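**Q** Build me a model:
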Amino acid sequence: PRLNKLTSKSYYMACSRRFSTMEKRIFPLASPFLLVSISLATGFVVGCLSNTSTRNAKSRLLPSGLPRSCCDEYLTDVQRSLPARLARIVGEQNALDGRKNSTSTLAFLTGARLGGGGQALAIITPRSLRDVVECVKLIVNADCVIIPQGSNTGLTGGSVPRVNTGDKRPVIIISMKNLETFFPIDGGNRIVCMAGAGLATLSRGISSWFPDRESHSILGSTFLNPTTAAGIAFGSGGTQLRKGPAYTDRAMYIKVFQNKFGENVVQVVNTLGIKGIEDDNFVEGKGSALDQLDAYQRNVKDGYSRAMAVSSKSINGKAKAHDSSYAAQICEHNDGISRYNANCEGLECNRSEGKVLILATVHDTFPCPIATRDFWISFRDLETALDFRREVCLDNADDLPISVEYMDRDSFEVIDRSGRGQANVIKLLGSTAQTVQYLWKIKLWIESLPIPGAHLWCDKLLYAMNPIFPAILPARIMNMSKKMDHHVSMTVGEFGEGNMNRLLDRLKNFALKHGEGNVVVHECTNSESQGLTAFRFVAAPAFRTYCVGEGLQGVSVDYALPKSGGMVPELSATPLKRMRYSHFGCNVVHEDIAFGPEVDAEAAKMDLKKAIEHKSRGRLPAEHGHGTEYHAPQETQKRWKKMDPLNVFNPGIGGLSSKYKYKE
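**A** Residues are numbered from 1 along each chain as shown. As a prediction, the model looks like this:
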């Protein structure tokens, strides 16, 4: 077979077998001290856990220590035989017994922040779309439920089995991580992603194939390599001010319902809009769009030559593949909310939170900026920062910055005290580097072990070693951040229409109007910009490390405030640290709040949620999903019930009943 010139550059044929070019270039220049520190830290932790290698430990059976939620005495004969039947479809190597807590299953059973203790009858990782559909049919007819899973990086407990749900139906986890293929269409203007395609992997692939274009998500949590399907299911993507949150009306996904005879029906919905992969391209009994897409993605992954596909001329081929209206609506200075998880607009897959099983999605790619400039801007007070957002950043849709990220003084202090190790690694290697993802997976693996205290080991070590690592930010920015309380990291791009100069003119006039005592602007070098990106995006893990190191309680909330608002909601208890960092343009705020051991932290968190909704007129959650932590509004719950009338997919999210057909 002839290797396609395009796919020969891809991640599958090259990047998976070696470090990226960037890593190769930087490693020889890296500080030996930094690398030795990282190696010693990783070796120390792993060595404490096992006398064998990580590879050998993958199949090591571990004591449970966790309550069981998938008990053998409740299983029917059909359910008992189900794991073996699923294994015959996906292959023995892609099926695990979820009732056994081993180093292989813990990664699927434990959430990144919330969730854990539940078990699954089986965990499967299919390698074809057809296998997914056939497995869903068996699972539904065995009266089991399905939790769809991507990279399992969710923060609100919605991607893992739960305990004490009151529902006796066994859980099957369908992990889509093996369906990681993606390929371009329409000359590279769009990309088709299987459900397991990771954001970091996708970003590298598009940059390799089309250097003048980029994917939707190139910042934020890309170092975790969350999947594109998860982005659609949550509406994620707060850093991308010009692109908007993850959104598409072009997808292929699975729904389950009953026909008039009471029979279970597994329906594949296809709105991909790809020529030759439309449903009406096939006669019943002679192929299907699902099988055609399966063949295409398999050829791409295996390196075979395929002509680049194009969008069809149907209504699906002309549908949105990103939120094209977002840039205009975000500049409307009113009491509306820019984006939030309970939004019911768009195709069912958007913000579905696992109530349909996404198989594939189509996304627009975007032109890379001709030039970029990065700034660190400090403000004396929050009111001035909010004026800056309105007058400089959101003046009009054409001149929007690429990204504008806010953080307060407490955020700065906590990250500097607890996040230097992680931030230096990301600055050195880049947020999409495979090595960063590998180190993160090691950390999660250690934390998931059912050994007393294992979930704290890594953070204790990172906290203790933090002073050894160099400060991630330069002295100039460190000094600015100590003198003022509110800070913004802004990236501006030129897209050929003079938009950069217009925005910078507004910035200059704003700074002159308010004076250096209230606004300080620093333009960053390339090295400083890399540090700023790393500094901002280790905020959440740094907060956890800080709480563990200081012996404090920590709670986290994400919410969206009105476009005309932005002031700080009240707390009912006094925190020791209150980190507020936000996607400043869309007014989506992340709060990480540290309390002393004497405070009822959960009650304080509930009070904050009420203040956000009732006093600040905000909405929550904004981008991490409802999961098991938030109750969804009635309108959103109604939408989810319509998608999944039998409550087969991800039961119990957003305050919904976990039982069959949502029975109480």
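
**Q** which stretches of this structure have low pLDDT?
**A** 1-73, 103, 111-117, 153-155, 218-224, 238, 431-432 (pLDDT under 70).

**Q** tell me which element the residue of it most remote from its centre falls in.
**A** What lies farthest from the middle of the chain is Phe261; by C-alpha atoms, centre = their mean that is 39.8 Å. Assigned by DSSP states H and E, Phe261 belongs to neither a helix nor a strand.

**Q** Who are the contact partners of Asp416?
**A** Ala471, Ile472, Leu473, Met478 (C-beta atoms under 8 Å, 6 or more residues apart in numbering). For glycine as for every other residue, the C-beta is placed from the backbone atoms N, C-alpha and C.

**Q** I'd guess it is in a helix, am I close?
**A** Yes - under DSSP: H, G, I helix; E, B strand; the rest coil, Asp416 falls within a helix.

**Q** measure it to Leu382 for me?
**A** Between Asp416 and Leu382 the computed distance is 21 Å (C-beta to C-beta, to the nearest Å).

**Q** Check the contacts of Asp416 for burial and list the buried ones.
**A** Ile472, Leu473 (16 or more other C-beta atoms under 10 Å).

**Q** The nearest residue to Thr491 once chain neighbours are set aside and Ile468, how far apart?
**A** Sequence neighbours aside, Ile402 is the residue nearest to Thr491 in space, at 4.4 Å (criterion: C-beta to C-beta, 6 or more residues apart in numbering). Ile402 sits 34 Å away from Ile468, taking C-beta to C-beta as the criterion.

**Q** what's the answer for Ala611, then?
**A** 40 Å.

**Q** Which of the two has more residues huddled nearby?
**A** Ala611 (16 against 12; other C-beta atoms under 10 Å).

**Q** Report the contact partners of the more buried one.
**A** Counted by C-beta under 8 Å, 6+ apart, Ala611 has contacts Pro569, Glu570, Leu571.

**Q** how about a cut-off of 6 Å?
**A** By C-beta atoms under 6 Å, 6 or more residues apart in numbering, the residues touching Ala611 are Pro569, Glu570.

**Q** Look up phi and psi at it.
**A** phi -60, psi -40 (degrees, to the nearest 10).

**Q** Helices of the stretch 101-250 of the chain, start to end?
**A** According to DSSP state H, counting those that start in this stretch, the stretch 101-250 of the chain carries its helices in the segments 106-109, 129-141, 199-209, 228-234.

**Q** Leu503 contacts Asp399, correct?
**A** Yes - contact criterion C-beta atoms under 6 Å: Leu503 and Asp399 qualify, at 4.7 Å.

**Q** what do these two both touch?
**A** Counting by C-beta under 6 Å, 6+ apart, no residue touches both Leu503 and Asp399.

**Q** What about Pro211, how many residues nearby?
**A** Around Pro211 there are 9 residues (other C-beta under 10 Å).

**Q** For it, what are phi and psi?
**A** Backbone torsions for Pro211, taken as degrees, to the nearest 10, come to phi -60, psi -20.

**Q** ok, now which ones touch it?
**A** By C-beta under 6 Å, 6+ apart, the contact list for Pro211 is empty.

**Q** Got phi/psi on the residue nearest to Glu497 when sequence neighbours are not counted?
**A** Spatial nearest neighbour of Glu497, excluding adjacent residues (C-beta to C-beta, 6+ apart): Asp398 at 6.7 Å. Main-chain dihedrals, Asp398, degrees, to the nearest 10: phi -70, psi -30.

**Q** isn't there a strand covering Val589?
**A** Yes - assignment of Val589 by three-state DSSP places it within a strand.

**Q** From Asp485, how far out is it?
**A** Distance, Val589 to Asp485, by C-beta to C-beta: 16 Å.

**Q** Of those two, which one has the most company?
**A** The residue with more neighbours, out of Val589 and Asp485, is Val589; 25 against 16, by other C-beta under 10 Å.

**Q** partner residues bridging the more buried one?
**A** In this structure, Val589 bridges to Tyr559, Ser582 when assessed by DSSP bridges.

**Q** my guess is it meets Ser582, correct?
**A** Yes - under the contact definition of C-beta under 6 Å, Val589 touches Ser582, with a separation of 4.3 Å.

**Q** Neighbouring strands - and their directions - for the helix or strand hosting Val404?
**A** Using DSSP H and E, Val404 sits in strand 403-408. The sheet places strand 403-408 alongside strand 486-494 (antiparallel), strand 577-583 (antiparallel), with pairing taken from DSSP bridges.

**Q** Go through these and name the closest to Pro83.
**A** strand 577-583 (42.2 Å; C-beta to C-beta).

**Q** Name the SS class of Ala360, please.
**A** strand.

**Q** Which of the helices or strands spans the nearest residue to it once chain neighbours are set aside?
**A** Closest residue to Ala360 apart from its sequence neighbours, by C-beta to C-beta, 6+ apart: Met252 at 4.6 Å. Assessed by DSSP H and E, Met252 sits inside strand 251-258.

**Q** next one: Asp505
**A** Per DSSP H and E, the secondary structure element for Asp505 is helix 499-514.

**Q** Enumerate the positions of that helix that are buried.
**A** Asn499, Met500, Leu503, Leu504, Arg506, Leu507, Phe510, Ala511, His514.

**Q** Return the alpha-carbon coordinates of it using CSV.
**A** Coordinates of the C-alpha atoms in helix 499-514 are reproduced here as CSV (Å, rounded to 0.1, in the frame of the first residue of the first chain):
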residue,chain,number,x,y,z
ASN,A,499,-6.9,44.7,14.0
MET,A,500,-3.8,44.5,16.1
ASN,A,501,-2.9,48.1,15.7
ARG,A,502,-6.4,49.2,16.5
LEU,A,503,-6.5,47.2,19.7
LEU,A,504,-3.1,48.4,20.8
ASP,A,505,-4.1,52.0,20.1
ARG,A,506,-7.0,51.5,22.5
LEU,A,507,-4.7,49.9,25.1
LYS,A,508,-2.3,52.9,24.8
ASN,A,509,-5.1,55.4,25.3
PHE,A,510,-6.5,53.5,28.2
ALA,A,511,-3.2,53.4,30.0
LEU,A,512,-2.6,57.1,29.5
LYS,A,513,-6.1,58.0,30.7
HIS,A,514,-5.7,56.0,34.0
